[in-house]
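Asker: Structure of the sequence below:
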Amino acid sequence: MDRIDALRLFLAVAELESFTRAAERHSLTPGAASKQIAALEERMQARLLERTTRSVRLTDAGRALLERVKPWLSEYEAIEHGLVADNAAAAGSLRVAAPVDFGSARLIEPITAFMEQWPSVEVRLDLSDRMVDLVDEGYDLAVRLGHLPDSSLIAKRLADAPMTTIASAAYLERHGAPARPADLAGHACIIDRNRPAPLLWRFQNGGEKAEVKVNGRLSLNGASAAVSAACAGSGIACTPSWAARAAIADGRVAALMEDWVPEGRELWAVFPSNRYLAHRVRLLVDHLAVWFKGTV
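Answerer: Residues are numbered from 1 along each chain as shown. All right, here's what the predicted structure looks like:
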């Protein structure tokens, strides 16, 4: 920054043709201004200004530097002022709603990164599996998974949220592995009540589609719980890939019927249509879209 400040001072001296007035503009003493210009000349290895008792004139080297530096400094200051304006526009609080499991597992890291980028923004993240009323409850934004019903809300699709079918080695040793979706009807399936149709699982293999009505003695609500139950050998779970990724990687469960892809979901950012969209809301929505890069 000292070099940029020196160039700004040089520009002021050239414009005002006076060390004293340039120093006043930059809140410096004439002596301090003279030292900065001398240091700049030393770095440039050229005399930039001719000083007399009455005036200051640019040398040929000074004019060459001025021609190059003036547009560059102008562009730099425009960028600097733009960033300051963005930071000011982004200041304030954001109230965000998200599902419990997804919010805990996948939203904390991008929101932390967002807050580091925009230090004037405060985020209140409320995790709940109920469908909050954004307008009545005063939320700026909700992050939701699934297929959205028609509503007055504005929704921006952020990413795909694929599903996977999993079971533990212990369960598969006792009961065998299903080869195709129809086989699931004869297995103990872990029922996640948070799914729109908990007992109806849909799959696709290329152009072929299948759906099967499943049963199981264990039902629960939440992807993390379904993965934990599968790890414990309770049965077969069809759950979001983001929730099962770590358990598959460390061998606690295996992915099943990999040719048959479970019907996936989508990740959405949802916000009220009857409210001015604050700049900080748009910044967070765009940040999340870039963070997930098309797939959760």
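
Asker: Give me the below-cutoff pLDDT ranges for the stretch 1-150 of the chain.
Answerer: Counting by pLDDT under 70, the low-confidence segments of the stretch 1-150 of the chain come to 1, 53, 78, 80-89, 149-150.

Asker: in it, which spans are helices?
Answerer: Listed in chain order, the helices of the stretch 1-150 of the chain (DSSP state H, counting those that start in this stretch) span 2-16, 19-25, 30-44, 60-90, 100-102, 108-117, 134-137.

Asker: so which of those helices comes closest to residue 263?
Answerer: helix 100-102 (17.4 Å; Cβ to Cβ). In short, each C-beta sits where N, CA and C put it, glycine included.

Asker: Contacts for the closest one next, please.
Answerer: 127-129, 143, 145, 222-224, 240, 242-243, 296 (Cβ atoms under 8 Å, 6 or more residues apart in numbering).

Asker: Mind giving me the ChimeraX command for buried ones among those residues?
Answerer: Remark: buried members of the contacts of helix 100-102, expressed as a ChimeraX selection using 16 or more other Cβ atoms under 10 Å:
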select :143,145,222,223,224,240,242,243,296
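
Asker: between the contacts of helix 100-102, which is closest to residue 280?
Answerer: The nearest member of the contacts of helix 100-102 to residue 280, counting by Cβ to Cβ, is residue 143 at 15.1 Å.

Asker: what pairs with the closest one across the strands?
Answerer: residue 269 (DSSP bridges).

Asker: Tell me how far it lies from residue 103.
Answerer: Using Cβ to Cβ, to the nearest Å, one gets 7 Å for the distance from residue 143 to residue 103.

Asker: Please apply the same query to residue 3.
Answerer: Counting by Cβ to Cβ - residue 3 and residue 103 are separated by 45 Å.

Asker: related to what we said a few turns ago, out of the contacts of helix 100-102, who's nearest residue 91?
Answerer: The shortest gap between residue 91 and any of the contacts of helix 100-102 belongs to residue 143, at 21.8 Å (Cβ to Cβ).

Asker: and the closest one, what is it in contact with?
Answerer: Residue 143 touches 96-99, 102-103, 107, 158, 267-270, 288, counting by Cβ under 8 Å, 6+ apart.

Asker: Who are the contact partners of the residue lying closest to residue 108 once chain neighbours are set aside?
Answerer: Spatially, and ignoring its direct neighbours in sequence, residue 108 is nearest to residue 125 (7.9 Å; Cβ to Cβ, 6 or more residues apart in numbering). Shown in contact with residue 125 (Cβ under 8 Å, 6+ apart): 96, 98, 103, 107-108, 111.

Asker: Beta-bridge partners for residue 125, please?
Answerer: residue 96.

Asker: Quick check: the gap between it and residue 243.
Answerer: Taken as Cβ to Cβ, the span from residue 125 to residue 243 is 18 Å.

Asker: for residue 112, same thing?
Answerer: Distance from residue 112 to residue 243, by Cβ to Cβ: 20 Å.

Asker: same question, residue 91
Answerer: Taken as Cβ to Cβ, the span from residue 91 to residue 243 is 35 Å.
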